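Peer 1: Build me a model:
(chains A and B)
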Amino acid sequence: MKRLWLPLLTGFVVLALAYAVRWQIDVHAPSQKFMLPKPHEVAIAAYQHRGELIPATLSTARGAVLGFAGSVVVSVGLAVLLAASAGLRASLFPYLMALQMTPIIVVAPILLIWIGPGLTSVAIITFLISFFPLVVNTTQGLISTDRNLVDLFRMCRATRWQEMAFLRLPAALPYFFTGLRISAILAPIGAVVGDFFAGNSAGGVGGLGFMTVIYSANLDTAALFATAGICCLLGFALAGLVHLLAWAALRRWHESFATRER
Amino acid sequence: MPSTPLVQFASVEKRFGSGPAVLQGIDLTVAAGEFVSLIGPSGCGKSTMLRLIAGLTPVSSGKLSISEQPPGSAAPELGFVFQEPTLLPWLTVAKNVEVPLILRGFGSEERARRRERALAQVRLAEKSKAYPQQLSGGQKMRVSVARALALQPEILLLDEPFGALDEMTRDHLNEELLSIRQQQAWTAFFVTHSVAEAVFLSNRIVVLAAGPGRIHSIVEVPFAYPRTADTRQSDDFHHLVVRVSRALRSVDPTATSAP
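Peer 2: Presented below is the predicted three-dimensional model:
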């Protein structure tokens, strides 16, 4: 019970604040009412637009999960490669950084020209936005292995493959999950930005990013807030999944999940 | 010692890169079954000597041979116990002890047999399913010793293994170490900062001087094995501790007089 009342209270305060701000607008600038919908109006808008919002959410979720999964596979592979040599790291890192530094609004049109709108483009944009923290963290984990343990493995004449599989990879797991958490939050953003540019409406609905284009053209702030809420829910869902995975993988041995009994 | 030399240093010199010599003019012959302690001020190359024997780093000049082979070659099995427990935290105690056996390609039955024996030797059989973070410092160190013993090594290299533990635990583990050696005779190289520990365990104590690391003197310890906690109470023991402490003080003026 003690753990429940504080989040409930914060939620209530936030909601009350939202109504209070809106009430101020009602009183002082009634003509600007449409700027900030009341929280329950957002809920109603979400319900009214469910016919397009549900498929849009599924479409964005598909792009997010695909891009995210792709970034995990590519990042781990790349990290194993980068961990092998300092020279390789020094020569490849600038390019990885450049990829992350290039704003998506510049990359998206290029991708559109190359492969056209659709799920593939959305997934690639998601991938581009979420893979960097994963590569950096996993690489750092792979090169931070305890020197003595590496010596122990060498003394036992372990092969490089054994050293990677039994020592470096498991030791890098906490780092990997740190990267994964950041990526999980970035992936839905990437997918929404992705289908803002490359969401395909030709076959019916686009993703959430595409709905944003329509709602903003209609000055439908309530629907926009509803869309924002759904984006956050997607982020929370993915972040929650990652936390669950981290818990399953680390709870038995890592400090971050240790219960302080001793 | 009349028996054949197991480990032989002949004018061994070690430097890292183009730096100054860490070890210089090391001549030392150790026969099978000896317990040799290496003691000396920080930076005298004690740990480096262990790493040389383990084949983790090559000698710069001179010759080091183990069973008349160069270090790092397949010949005698080596066990290494580090300053810290150095366990894999994601594996259970049992799996940790098996790591060297897995890497060496032992079958699962042989692994289980050796693991059980090693854990029984350090009296941790009941903790085999625990994870390292559930153990105390002394227990973790025991697992580390069991891991080294599981390979049934001919040579055991111990790099200040009990330095981080409190004195009572350390004394206790030392007594256990000797009683294990009664059943399973290995040759030991034991790096330590504690004179009393060195005297209690070894039949020879190599006192090293620093800058560059070199052998200052070698002290024979005449007490017969098995040694027990009572060994520490005898006058002869205390005389020897004083003697080694003096030798140590002469090479390291900053050392305190406490053994």
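
Peer 1: What is the three-state secondary structure of B:Leu64?
Peer 2: strand (DSSP: H, G, I helix; E, B strand; the rest coil).

Peer 1: What is the burial count for it?
Peer 2: Residues lying near B:Leu64 (other C-beta atoms under 10 Å in any protein chain shown) number 22. Glycine gets a C-beta too; all of them are placed from N, C-alpha and C.

Peer 1: correct me, but it touches B:Ala54?
Peer 2: No: using C-beta atoms under 8 Å, B:Leu64 makes no contact with B:Ala54, being 10.9 Å away.

Peer 1: shared neighbours, those two?
Peer 2: Both B:Leu64 and B:Ala54 are contacted by B:Pro71, under the criterion C-beta atoms under 8 Å, 6 or more residues apart in numbering or on different chains.

Peer 1: Which stretches in chain B count as helices?
Peer 2: B:46-54, B:93-103, B:108-121, B:137-150, B:167-183, B:195-201, B:235-251 (DSSP state H).

Peer 1: near chain A, which residues of the stretch 1-150 of chain B?
Peer 2: B:51, B:54-56, B:78, B:80, B:82-84, B:86, B:88-91, B:99-100, B:102-104, B:131-134 (C-beta under 8 Å from any C-beta of the partner chain).

Peer 1: Return a PyMOL selection command for the buried portion of the residues you listed.
Peer 2: Burial among the residues of the stretch 1-150 of chain B next to chain A is assessed by 16 or more other C-beta atoms under 10 Å in any protein chain shown; the matching PyMOL selection reads:
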select buried, chain B and resi 51+54+55+56+78+80+82+83+84+86+88+89+90+91+99+100+103+131+132+133+134
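
Peer 1: Let me have the helices of chain B in a markdown table, extended by mean pLDDT.
Peer 2: As requested, these are exported to a markdown table (pLDDT from 0 to 100):
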| stretch | mean pLDDT |
| --- | --- |
| helix B:46-54 | 94 |
| helix B:93-103 | 96 |
| helix B:108-121 | 95 |
| helix B:137-150 | 94 |
| helix B:167-183 | 91 |
| helix B:195-201 | 94 |
| helix B:235-251 | 92 |
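
Peer 1: closest one to A:Ala171 among those helices?
Peer 2: Among the helices of chain B, the nearest to A:Ala171 by C-beta to C-beta is helix B:93-103 (12.9 Å).

Peer 1: Just want the angle from the closest one to helix B:137-150.
Peer 2: With axes from the mean of the first three to the mean of the last three C-alpha atoms, to 10 degrees defining the directions, helix B:93-103 sits at 30 degrees from helix B:137-150.

Peer 1: How about the contacts made by A:Val242?
Peer 2: For A:Val242, the contact set (C-beta under 8 Å, 6+ apart) comprises A:177, A:180-181, A:184.

Peer 1: Can you name the residue of the stretch 151-259 of chain B nearest chain A?
Peer 2: Nearest residue of the stretch 151-259 of chain B to chain A: B:Leu151, at 8.0 Å (C-beta to the nearest C-beta).

Peer 1: Spatially central, which residue of chain B would that be?
Peer 2: In chain B, the centroid-proximal residue (C-alpha atoms, centre = their mean) is B:Leu158; its distance is 2.4 Å.

Peer 1: could you check the distance from the closest residue to chain A within chain B over to B:Glu110?
Peer 2: Going by C-beta to the nearest C-beta, chain A is nearest to B:Leu103 of chain B, at 3.9 Å. Using C-beta to C-beta, to the nearest Å, B:Leu103 is found at 14 Å from B:Glu110.

Peer 1: go on, B:Val241?
Peer 2: 42 Å.

Peer 1: Among those two, which residue is more densely surrounded?
Peer 2: Neighbours were counted for B:Val241 and for B:Glu110 using other C-beta under 10 Å; B:Val241 has more, 19 against 12.

Peer 1: wait, isn't that one in contact with B:Val195?
Peer 2: Yes: here B:Val241 reaches B:Val195: they are 5.4 Å apart, a contact under C-beta under 8 Å.

Peer 1: gap between the host helix or strand of A:Ala187 and the chain center?
Peer 2: A:Ala187 belongs to helix A:169-198 when assigned by DSSP states H and E. Taking C-alpha atoms, centre = their mean, to the nearest Å, one finds helix A:169-198 lying 4 Å from the centre of the chain it belongs to.

Peer 1: Quick one: list the elements packing against that helix.
Peer 2: Applying 3 or more C-beta pairs under 8 Å, 6 or more residues apart in numbering or on different chains; DSSP states H and E, we find helix A:169-198 packed against helix A:50-84, helix A:104-115, helix A:119-142, helix A:208-217, helix A:221-250.

Peer 1: how about the residue of the stretch 151-259 of chain B closest to chain A, phi and psi?
Peer 2: phi -80, psi 0 (degrees, to the nearest 10).

Peer 1: Please name the residues that touch B:Val206.
Peer 2: For B:Val206, the contacting residues are B:28, B:36-39, B:215, B:218, taking C-beta under 8 Å, 6+ apart as the criterion.

Peer 1: domains in the chain, as residue ranges please.
Peer 2: I went with chain A, as the question did not name one. Here the domain parsing of chain A from automatic domain parsing is A:1-36, A:38-257.

Peer 1: The intended chain is chain B.
Peer 2: Split by automatic domain parsing, chain B gives B:1-76+B:155-259, B:87-153.

Peer 1: Out of these, which is the most enclosed?
Peer 2: Among those, the stretch with the highest mean neighbour count (mean count of other C-beta atoms under 10 Å in any protein chain shown) is domain B:87-153, at a mean of 19.

Peer 1: so how far is chain B from the residue of chain A positioned farthest from its centre?
Peer 2: Distance from the C-alpha centroid of chain A, by C-alpha atoms, centre = their mean, peaks at A:Met155 (41.5 Å). For A:Met155, the distance to chain B equals 6 Å [C-beta to the nearest C-beta, to the nearest Å].

Peer 1: What parts of the stretch 1-150 of chain A come near chain B?
Peer 2: So the stretch 1-150 of chain A meets chain B at A:146, A:148-149 (C-beta under 8 Å from any C-beta).
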